[in-house]
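**Q** For reference, the sequence and a predicted model appear below.
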Amino acid sequence: MSASLYECKILIIDDEQEIAELLSTVLQREGFKQVHTAATARDGLESFRRLLPDLVLLDIMLPDGNGYELFGAMQQIKSVPILFVSAKDEELDRLLGFAMGAEDYITKPFSAKEVAYRVKARLKQRLPAQPAPPAPPEPAETKVLGFGDVRIDLAGSEVSKAGRKLDFTAKEFKMLLYFVQNPGRVLSKEQICQAVWGGNYSGVDNTISVHIRKIRLKIEDDPSSPRWIQTVVGLGYKFVLQENLP
């Protein structure tokens, strides 16, 4: 397996073109660079032999065979996480999938975003632990950051607006700093979770929304129509830098 999460090869085997394209698009949007698709059991097995992917999303009902048989054939070539994706939601089908060794069983219809998170979770479990790179020394000129009438004092971990100190928790400060240091980038909730909490995204979705709402109440002139931290529907949030940082 590649040492980098986003270099991992993912193979989607599904004869429903719209679903395959949707999953491929969402996974690529999440950062995966090698996403491949196949529409039949024969093409899927051929692609598996050629690519030797790191993870497979496998439909059970294929036009020229079934996913259970294909699962066994692929596992004889290389043992990789295989997630069944199927319209069959009977308990017996799910139990059979898990009994065969499937990593997950996802029933249609599903949230493509959720599938992407499940893919990431399975791949991360298999990646070798990477030592955290040493933090680069902080240039002296970046001790204070600012935008509009808001100032962020890095040394004192304090935020002020129009000269008045704001009451920020440690997580709120870290989140605001992450936004300011990544201007113009659309940041997903998972990226925010990793930067601020440093842990698994599962269960933190609502917590992130609450923290962003509290930050907006403190730094925005009109929190209901935010100028700085803007929502990008379906993708995450973006810090819109309208002035240069000092």
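**A** The structure has been received and is ready for your questions.

**Q** care to break the chain down by domain?
**A** Per the record, the chain has its domains at 5-126, 140-239, by automatic domain parsing.

**Q** Same list (those domains) but as JSON lines, adding mean neighbour count and mean pLDDT.
**A** Every residue, glycine included, has its C-beta placed from N, CA and C. Below are the domains of the chain laid out as JSON lines (neighbours: other C-beta atoms under 10 Å; pLDDT from 0 to 100):
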{"stretch": "domain 5-126", "mean neighbour count": "17", "mean pLDDT": "87"}
{"stretch": "domain 140-239", "mean neighbour count": "15", "mean pLDDT": "87"}
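
**Q** list the contacts for Glu172?
**A** By C-beta atoms under 8 Å, 6 or more residues apart in numbering, Glu172 lies in contact with His211, Lys214, Ile215, Lys218.

**Q** From what I see, the first one and Lys174 are in contact.
**A** No. Shown here, His211 and Lys174 do not form a contact pair, counting by C-beta atoms under 8 Å, at 9.6 Å.

**Q** what residues are shared contacts of those two?
**A** Joint contacts of His211 and Lys174 (C-beta under 8 Å, 6+ apart) are Val196.

**Q** State the phi and psi torsions of Asp153.
**A** Here is the backbone geometry of Asp153 (degrees, to the nearest 10): phi -90, psi 110.

**Q** so who does it touch?
**A** By C-beta under 8 Å, 6+ apart, the residues touching Asp153 are Lys143, Val144, Val159, Ser160.

**Q** do Phe239 as well
**A** Contact partners of Phe239, counting by C-beta under 8 Å, 6+ apart, are Phe179, Val180, Asn182, Pro183, Gly184, Arg185, Leu187, Trp228, Ile229, Gln230.

**Q** How about it, nearest residue that isn't a chain neighbour?
**A** Excluding its sequence neighbours, the residue lying closest to Phe239 (C-beta to C-beta, 6 or more residues apart in numbering) is Phe179, at 3.8 Å.

**Q** Test my guess that that neighbour contacts Leu187.
**A** Yes. Between Phe179 and Leu187 there is a contact at 7.1 Å, judged by C-beta under 8 Å.

**Q** Common neighbours of those two, please.
**A** Shared between the contact lists of Phe179 and Leu187 (criterion: C-beta under 8 Å, 6+ apart) are residues Tyr237, Phe239.

**Q** quick check, Ile106 in a strand?
**A** Yes. The assignment for Ile106, made by DSSP: H, G, I helix; E, B strand; the rest coil, places it in a strand.

**Q** ok, so what distance separates it from Val233?
**A** Distance of Ile106 to Val233, given as C-beta to C-beta, to the nearest Å: 24 Å.

**Q** Then Ile13?
**A** Distance from Ile13 to Val233, by C-beta to C-beta: 30 Å.

**Q** same check, this time on Pro226
**A** Pro226 is 14 Å from Val233, where distance means C-beta to C-beta.

**Q** Secondary structure element holding the nearest residue to Leu241 once chain neighbours are set aside?
**A** Among residues not flanking Leu241 along the chain, Pro183 sits closest, at 3.7 Å (C-beta to C-beta, 6+ apart). Assessed by DSSP states H and E, Pro183 sits outside every helix and strand.

**Q** so Pro183 makes contact with Ile229?
**A** No. Here Pro183 does not reach Ile229: they are 10.9 Å apart, not a contact under C-beta under 8 Å.
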